[in-house]
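**Q** got a structure for you, letters missing:
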């Protein structure tokens, strides 16, 4: 059986789809699995042993071009997608463009979510079969349910795997950072894809001080290269200076996270990567929901405002009020201490 996975982006969404692909491979070890993804989000999947064919496309490349260039670009990318003659395409994204890609693939069966669960409702017109999922289901379990219903297999709801392949270079990259921080360290990530997901950078600086004073750990402030200014604000608001800045690659970050004692961050790709790494996580959520996007690891904690009603189905990228992300440092530090106390000790803790 030839199966096409359609999950284009973003980093967090790609990570959330990995357990479903792992379940497909366990259930159908002889299947040929292809995955079509935006090139800018492909790094997490590269080298994944469960994926036979990784198809990297660039839908942004057609923007702003004249008609003949657009036609040429679409034709070339369509050939990449159709190359492997699929039996089934599964659209895990729920967008018009992802469902259209499933259609372009030539697969006669094109499965996706029912209308209620689609991010763009019109995408259903490109699908041949849909699966209805119970409300308030975590996104990872939604995708597991879609995969199992499409392909007719049972899965262990407690078995959540994130097959991420790394290399010596990624481990060496993490090792160089740990040589600066020491083996016992925290990771702080002040960034987020939307401004409404951000906890104040000034508070991250104070949190780094509190972590050092109460646990002795240095904080590694890990951001992308385009987030340096935000990271510098964190440093500028630290009294102790017991933190270091770094901009690791995605998989370098993953290897770094695997060695961390605790991670603190919002609803963003690195947070989901930290969850995949299996370390203790404290999430800071506001306009999005922990029950949907957060960690499924027992013991992980979300610091969130539960006393305001505007958070319900919010998902706003701009906000004049923005009170959902104003949790105080005391609350976050208490969550850090509580999460550390319930986690398994590591050799570096002795």
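**A** Okay, I see it. Model, not experiment: these values are computed from the prediction.
**Q** pLDDT of the longest strand anywhere in the chain, averaged?
**A** The residue-count maximum for a strand in the chain (DSSP state E) belongs to strand 32-38. Mean pLDDT, computed over strand 32-38, is 97.
**Q** Need the contact partners of the one helix or strand residue 130 maps to.
**A** Applying DSSP states H and E as the criterion places residue 130 in strand 129-131. Strand 129-131 has contacts (C-beta atoms under 8 Å, 6 or more residues apart in numbering) with 109-115, 124, 145-146, 149-150. The way it works is simple: take the backbone N, C-alpha and C, and place the C-beta from them, glycine included.
**Q** Show me the one in these that has more neighbours than the rest.
**A** residue 112 (28 neighbours; other C-beta atoms under 10 Å).
**Q** neighbouring strands for the longest strand of the chain, and are they parallel or not?
**A** Taking DSSP bridges as the criterion, strand 32-38 pairs within the sheet with strand 2-6 (parallel), strand 53-57 (parallel).
**Q** give me the number of residues near residue 156?
**A** For residue 156, using other C-beta under 10 Å, the count is 9.
**Q** That one - that's part of a strand, no?
**A** No - using DSSP: H, G, I helix; E, B strand; the rest coil, the assignment for residue 156 is coil, not a strand.
**Q** Got the phi and psi for it?
**A** phi -90, psi 110 (degrees, to the nearest 10).
**Q** Give me the distance between it and residue 57.
**A** 33 Å (C-beta to C-beta, to the nearest Å).
**Q** could you list every residue that touches residue 111?
**A** Contact analysis of residue 111 by C-beta under 8 Å, 6+ apart lists 88-91, 127-131, 146, 149-150.
**Q** Can I get the residues you listed in a markdown table including distance to residue 100 and pLDDT?
**A** Formatted as a markdown table, those follow (distance: C-beta to C-beta, whole Å; pLDDT from 0 to 100):
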| residue | distance to residue 100 | pLDDT |
| --- | --- | --- |
| 88 | 16 | 98 |
| 89 | 11 | 98 |
| 90 | 14 | 99 |
| 91 | 9 | 98 |
| 127 | 10 | 98 |
| 128 | 14 | 98 |
| 129 | 16 | 98 |
| 130 | 16 | 98 |
| 131 | 19 | 98 |
| 146 | 18 | 98 |
| 149 | 22 | 98 |
| 150 | 18 | 98 |
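**Q** from these, which would you call buried?
**A** 88-91, 127, 130-131, 146, 149-150 (16 or more other C-beta atoms under 10 Å).
**Q** can those go into a markdown table with extra columns for secondary structure and distance to residue 30?
**A** Formatted as a markdown table, these follow (DSSP: H, G, I helix; E, B strand; the rest coil; distance: C-beta to C-beta, whole Å):
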| residue | secondary structure | distance to residue 30 |
| --- | --- | --- |
| 88 | strand | 14 |
| 89 | strand | 18 |
| 90 | strand | 17 |
| 91 | strand | 23 |
| 127 | coil | 26 |
| 130 | strand | 27 |
| 131 | strand | 23 |
| 146 | helix | 21 |
| 149 | helix | 20 |
| 150 | helix | 17 |
